[in-house]
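S.K.: one predicted model, sequence on top.
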Amino acid sequence: MDVVKLQKQLVDYRASLYHEAFLDEQFTQLQELQDENNPDFVVEVVSLFFEDSERLLNELAKALEQQSIDFKRVDAHVHQLKGSSSSIGAQRVQKVCITFRNYCEEQNVEGCLKCLQQVKHEYSLVKTKLETMFKLQQQILAAGGSIPM
Amino acid sequence: MKTEMLALLMEKKAFETPPRSSSESSPILASPMATPLRKVFNRISGFASSWGRKTAPRGGRIFHRDVEQEEFQYASTQCLSSYYSVFVARLAIMVMLAILIGLLTILTWHFTRIYTTRSLNTLAFGLRYELLQRPILRMWNILNSTSEITTTQVKLSEYVIKRYSKPTTQAEQVELYQMMKDVTWALFASRKALNAITINYKNGFVQAFHRDHRSNNTFYIYSDLVNYSISTSESYDTKMLTSRQGWNDQFFHGNFSAIWYREPLDPVTGEKTGKAKPIPPDDLINIAGPSQVPDGVASWHVAVSKYTDSPLLSAALPVRDASNTSIVAVVGVTTALYSVGQLMKELVEVHSGYIYLTSQEGYLLATSTNAPLLKNTTKGPKLMMAVDSEDHVIRMGAQWLQNAYGNKFPPGHVVHVENANLGGKHYYIDSFFLNLKRLPMVGVIIIPRKYIMGKVDERALKTLIILISASVCILVIGCVCILILTNGVSKEMKLRAELISHLDARRRAEASSNYKSQFLANMSHELRTPMAAVIGLLDILICDDCLTNEQYAMVTQIRKCSTALLRLLNNILDLSKVESGKLVLEETEFDLGRELEGLVDMFSVQCINHNVETVLDLSDDIPKLVRGDSARVVQVFANLISNSIKFTTSGHIILRGWCENPNVSSDSGKFSPDRKKSLSALRTKLKQHGNHMKKASKRDNKMILWFEVDDTGCGIDPSKWESVFESFEQADPSTTRTHGGTGLGLCIVKTLVHKMGGEIKVVKKNGPGTLMRLFLLLSTPADGTEQHGQVDFAKHSVAVILALNGSMGRLIMSQWLSRNGVPTLEASEWNELTQILHELFHARTRNCGFDSHYSLNETLRSKVHCIQDMRNPAYVIVVDLGLLDLSTDIWKEQLNFLDKFSGQVKFAWMLNHDTSNAIKMELRRKGHILMVNKPLYKAKMLHILEAVIKERYVELQKRRTNGTKGTAKEGDSHECLEIDSSHFETCSSDDSDNSESGGTNSVSSVHTGEETREGTVKSSPSNCQTLKNCLVEFTHLGSEVNDLRAEEDQCNARPKLHDTEDTKYESSNSPEQHSVSSSAKDRDDSYTSKAANGQKSLEGLRILLAEDTPVLQRVATIMLEKMGATVIAVGDGLQAVDALNCVLNGEVYRRDSSLQERRNRLQTEISDSPPYDLILMDCQMPKMDGYEATKAIRKSEAGTGWHIPIVALTAHAMSSDEAKCLEVGMDAYLTKPIDYKLMVSTILSLTKRSA
């Protein structure tokens, strides 16, 4: 495959992610932080985010399944999720988290469950998108090209 | 609403039938109706009882409620209920009225009617009794007289018979009879009322006298003697004794066989008037026979005869023989009852009515009418029953009695009936019983009711009708009155309900507006962060060297736009912060004058390009130090001035300030007349406001400070004077096109001014432009009320020549100087200046020929002379550099010209901000060391004058001590330097420049870029204080330096940006920043330059990062490491505390080593394990959150003398969070997601002092 083509594809894809508001400038900052000292910084952070998020989502699902829901705990989890998602710039997840927290404050179980589904959905979306992007990057690297910023 | 409507309808209905409601209110209530109405009535029944008590306080409460908005929800229902209660009250009052009137009517009627009736009845009863008594008495009399006569006759007969006892012969018998006849006649004649007297002897012989009242004849009737023998009488006697019936029959049979004779007699004399004629026995009058005296006692009975039409009363009594054993004869006396009837008639004629007497059996004995008492039957006349009477009233009365009582009459037959209905008419019926032995009688009187009660009944009816009509009238009128009265109340209720609903609506609207503000305030973080990121990233980009020129221009442009957007955001957020009540004003002391001077300095730079003069005119009585929120005060004026600048293309902008002091009127003399007038008007207007404010101000040491911002711009239409302070409002919509802006500035100003207890408004102004006047209520520090020590310039004999371009500034300055006793000359251009100089020093400068061309005007000349009169004056010439012709090289010659006077005068040069270094160097070379940047205001003038006076003083001293001029000059320069630097210390915003001191301030550093940085480097210990103040701004603004030049045309952006960020930093850095030691100089240098580049600026710092979210932890770590910091990351607060504690413990051993040593080690031995330079602390963490951790750290620090800066990382952006962070001992706070640039600058500002 043509490296230039791949590079162009990556740039387009990334632009589309920004355009569709999956990512925001925070992700850009992340990318800027990546340098020769930390060549896989973005991937590292994002995979950290995936791990953390999956853990949190599991915890949330567990917490919401319970008979008497500990909203404080749910809120804390959501808060964490919000923090980490905002840190990598996954703003759609972050937005749902904000709604989620509102429901938590209202102690609205249905709203929370709905939000949990939304969060899961958004999370899986952003995960696949990011994974696709990383795959592209790897392809470029494998082809011997450099990753365009 | 529906229920209300129904209630209204209901009400109407109730009022349409007010008379009925009185009696039928309960049926109305009970009538089937809709459920809401039923509810209403349930409530009504509850209210009705306590209506009177409840309504009045209810009204009052509702008024209260209008004020108390908290109870609003309830108020509307309350109103509804009180609305019902009015309706209920109406109903209740009407019912009560109806009942009252009904009662009154009934009572009146009762008393008038019943008592009259009763008394009348009593009277009538007496009357009736009397009426009936009289005929009965008459009857009684008749009976009595009858019985008397009978008795008399019997006695006489007994006597006569005794005389002629046992007559043996016929002759004796005849003689006896003759005797009896005479005696009887005598008796008969004596009693005219008698109808007949009969004597029936035992032997059947009959003698009788009869009086016919109709024909007025008297007859003697006797039987034939032939048939009677005395002998037979014995047998009779025995027979009679054995069987009464048999005797009787025989007796009469014997009589029938006898011949009866009747001879008429003279009624008076008893003489025989006619021949005796035999008559048939049946024509006979009723002869009393032995049958009528069966028991030998007297008997009575009522008889009828052919000759009379009235019943006869006959009495019979036996005549006994001498031995009193046998009856020899029977005497009968008959009396007509005619006279009783006559009496009754007479009585009835007087009183109407009917009277009749009956026997016990019911036979009529006498009536008051002419109706016949007897009926003719085949067997002759017979007595008539009362029920058969021909008079129908009597008949009906009798029938009524019979129907009512039948045979069971009450004992004594006494009946009183008052209201017997006979044939459609009402009658009184009374009956009395006359109990005579053998002849009981009943008297009945029937009197028509009409006769007795007719008038009364009539009156009673009339009274009743009148009463009822009157009460109905009153009721109707009453109901109408109630309707009218309560109508007002119900209208009021309706209005009140409307008012309440309006208030409710308003409250809701306000609430929704509040939500908006709340939303915006909450969004502040969300909005600001991306903007800050954008700007920060742009800064990084600008620092990048690899940009082409085009790219650089574009990025610069982007940055400009971003700053503009951030400014707009800040405006909106400020506004919403104020509106949502989240803005809290600080209360710190600050130098108002200095702040305003700084502001004017800043704006003047902007104005120079606009050909607009910025003048600051603060009166001397303004306190130096005031307490308040300096940043907000400055923001107010910055907004006002930038607004003025925006609309002013030429002319001036004056910021005036004076202190409200109503007691002192002397200072008002310095105000222009029009201002004085409007001021007094304002004062009176604010009197009531001011009165209580004054009281308050006395206590809290508050002052009213007045300010005016006066410009010569396009002005505002008077109709818009109010609305310009509304948000997004501009005086002219077209200005948005020409001048841009959002119209938020003035709104913020207004809200801030209000918040500070002041007011702002547009005031009418002479000439073009706008005059905004505002006052602020600021407190002055209790101890610092003394005015700054003014030097009395008058006694130093200083004269000032103001050679300035700006006419307004010159005018104000000269006014101020002359007020302070400094004679002033003004010059607006070069030629004028030379002329004045020539005039002043003409003796020594003859070579100048300008005087022939320019003649000074009279006033100036007189002033000049006045100055010349002064003894040895010190001349100060303040020269605007703009007076020199800088475009060509002429200025050097002009400078040379002025140099000639340098011996006699001191020059103070007013520089422009962009004055080139060459000129400055030239001036300095010539020995002009007094240089200040434009604009000129009081403080600068003061310093110039002070410097001159001091120099002069030193000069004089030197002269006395014979010192050389050169050394003196050197000394002077040092003095000046000191003056200037001390000036900088107090006046950080001052914009003067001095090459020798190299001191500068933030504003000038911003403007002069490179040079400033040098200045910072070279900063001497003396102005380090200033530097420190600047540093915070500088580190932040340093990155902006590059593009600031390009930004100058929209310079108004900067103060705002500067202000907001300045406060942010001030609040985050708190007072500790003043304790920074001056030895940080070198470090400052290094990091400032590095901060500007954004590379490795954190080199050598050890940072403890406490963050639980792995992602954030990683990001922050990389960010920090990228800048060269060493990062130790921990997962929660507990770990953070532990990590710190072990370090601290380790550190305790080394505490005895001096601070300097430690610092050195810090700088050199980073790989060692020193304490952390800074802690970044997430607020929300498991196990131990950031607040707790901070508390614990601060606690463990206590006693060690350490203070590790802690920066909070929080996802919340509210000031309350900030407050919480600072409260627990954190030094600053950063919001997530972490903004790269902001984090670096924050860390730098905190670490430099601990380094």
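M.R.: Thanks, I have the structure now.
S.K.: from here on, contacts and neighbour counts on C-alpha atoms
M.R.: Will do.
S.K.: for the longest helix seen in chain B, packing partners?
M.R.: Here the longest helix in chain B is taken by residue count, with DSSP state H as the criterion, and it is helix B:449-543. Using 3 or more Cα pairs under 8 Å, 6 or more residues apart in numbering or on different chains; DSSP states H and E as the contact criterion, the neighbours of helix B:449-543 among helices and strands are helix B:18-30, helix B:72-163, strand B:425-434, helix B:549-579, helix B:1081-1093, helix B:1236-1250.
S.K.: interface residues of chain A facing chain B?
M.R.: If contacts are counted using Cα under 8 Å from any Cα of the partner chain, the residues of chain A sitting beside chain B are A:25-26, A:30, A:33, A:45-46, A:48-49, A:52, A:80, A:83-84, A:86-88.
S.K.: quick one: which of those sit in helices?
M.R.: With helices taken from DSSP H, the overlap with those comprises A:25-26, A:30, A:33, A:45-46, A:48-49, A:52, A:80, A:83-84, A:86-88.
S.K.: so the most centrally placed residue in chain A bridges to which residues?
M.R.: Geometric centre of chain A, nearest residue: A:Ala90, 4.4 Å, by Cα atoms, centre = their mean. Here A:Ala90 shows beta-bridge partners A:Leu23, assigned using DSSP bridges.
S.K.: quick one: contacts for it?
M.R.: A:Ala90 makes contact with A:Phe22, A:Leu23, A:Asp24, A:Phe27, A:Val126 under the criterion Cα atoms under 8 Å, 6 or more residues apart in numbering or on different chains.
S.K.: between those residues, which is nearest B:Arg656?
M.R.: Set against B:Arg656, the nearest of the contacts of A:Ala90 by Cα to Cα is A:Asp24 (48.4 Å).
S.K.: correct me if wrong: that closest one contacts A:Ser16.
M.R.: No - with contact taken as Cα atoms under 8 Å, A:Asp24 and A:Ser16 are classed as non-touching, separated by 11.3 Å.
S.K.: so the two - more neighbours on which side?
M.R.: The residue with the greater number of neighbours, taking A:Asp24 and A:Ser16 and applying other Cα atoms under 10 Å in any protein chain shown, is A:Asp24; the counts read 20 against 13.
S.K.: next up, phi/psi of that one, please.
M.R.: Main-chain dihedrals, A:Asp24, degrees, to the nearest 10: phi -130, psi -170.
S.K.: OK, contacts around it?
M.R.: For A:Asp24, counting by Cα under 8 Å, 6+ apart, the contacting residues are A:Tyr18, A:Gly89, A:Ala90, A:Gln91.
S.K.: before we move on, what about B:Glu492?
M.R.: Under the criterion of Cα under 8 Å, 6+ apart, B:Glu492 has no neighbours.
S.K.: what is the neighbour count of residue 131?
M.R.: With no chain named, the answer covers chain A. Using other Cα under 10 Å, A:Glu131 has 15 other residues around it.
S.K.: think we crossed wires, I meant chain B
M.R.: As a burial measure, the neighbour count of B:Leu131 was computed by other Cα under 10 Å and equals 18.
S.K.: about what we covered before: against chain B, how distant is the residue nearest to the centre of chain A?
M.R.: To chain B, A:Ala90 is 11 Å away according to Cα to the nearest Cα, to the nearest Å.
S.K.: what's the burial count for residue 87?
M.R.: Picking chain A for this. A count of neighbours around A:Ser87, defined by other Cα under 10 Å, yields 31.
S.K.: switch to chain B, please.
M.R.: Count around B:Phe87 with other Cα under 10 Å applied: 24.
S.K.: ok, now how distant is it from B:Leu483?
M.R.: Distance check for B:Phe87 against B:Leu483: by Cα to Cα, to the nearest Å, it reads 10 Å.
S.K.: repeat for B:Asn611
M.R.: Taken as Cα to Cα, the spacing of B:Asn611 relative to B:Leu483 amounts to 76 Å.
S.K.: and those two? which has more neighbours close in?
M.R.: Remark: of B:Asn611 and B:Leu483, B:Leu483 carries more neighbours, 19 against 15, as counted by other Cα under 10 Å.
S.K.: look up the closest residue to the more buried one, ignoring the ones flanking it.
M.R.: The shortest distance from B:Leu483 to any non-neighbouring residue, by Cα to Cα, 6 or more residues apart in numbering or on different chains, is to B:Arg90 (7.2 Å).
S.K.: widest-spaced pair of the residues of chain A next to chain B?
M.R.: When Cα to Cα is used, the two most widely separated members of the residues of chain A next to chain B are A:Leu33 and A:Gln80, lying 22.2 Å apart.
S.K.: for chain A, what is the nearest residue in the stretch 251-400 of chain B?
M.R.: When Cα to the nearest Cα is the measure, the stretch 251-400 of chain B has its nearest residue to chain A at B:Trp400, with 94.7 Å between them.
S.K.: list the helices and strands the host helix or strand of that residue packs on?
M.R.: When secondary structure is defined by DSSP states H and E, B:Trp400 falls within helix B:392-405. On a contact count with 3+ Cα pairs under 8 Å, 6+ apart, helix B:392-405 meets strand B:354-359, strand B:415-422.
S.K.: ranking these by burial, who's on top?
M.R.: Among the helices and strands packed on helix B:392-405, the stretch with the highest mean neighbour count (mean count of other Cα atoms under 10 Å in any protein chain shown) is strand B:354-359, at a mean of 24.
S.K.: tell me how far the worst-scoring helix or strand of chain A on mean pLDDT lies from the chain's centre.
M.R.: Taking all helices and strands of chain A together, the one with the lowest average confidence (mean pLDDT, DSSP states H and E) is helix A:25-33, at a mean of 80. Put simply, helix A:25-33 sits 13 Å off its chain's centre (Cα atoms, centre = their mean, to the nearest Å).
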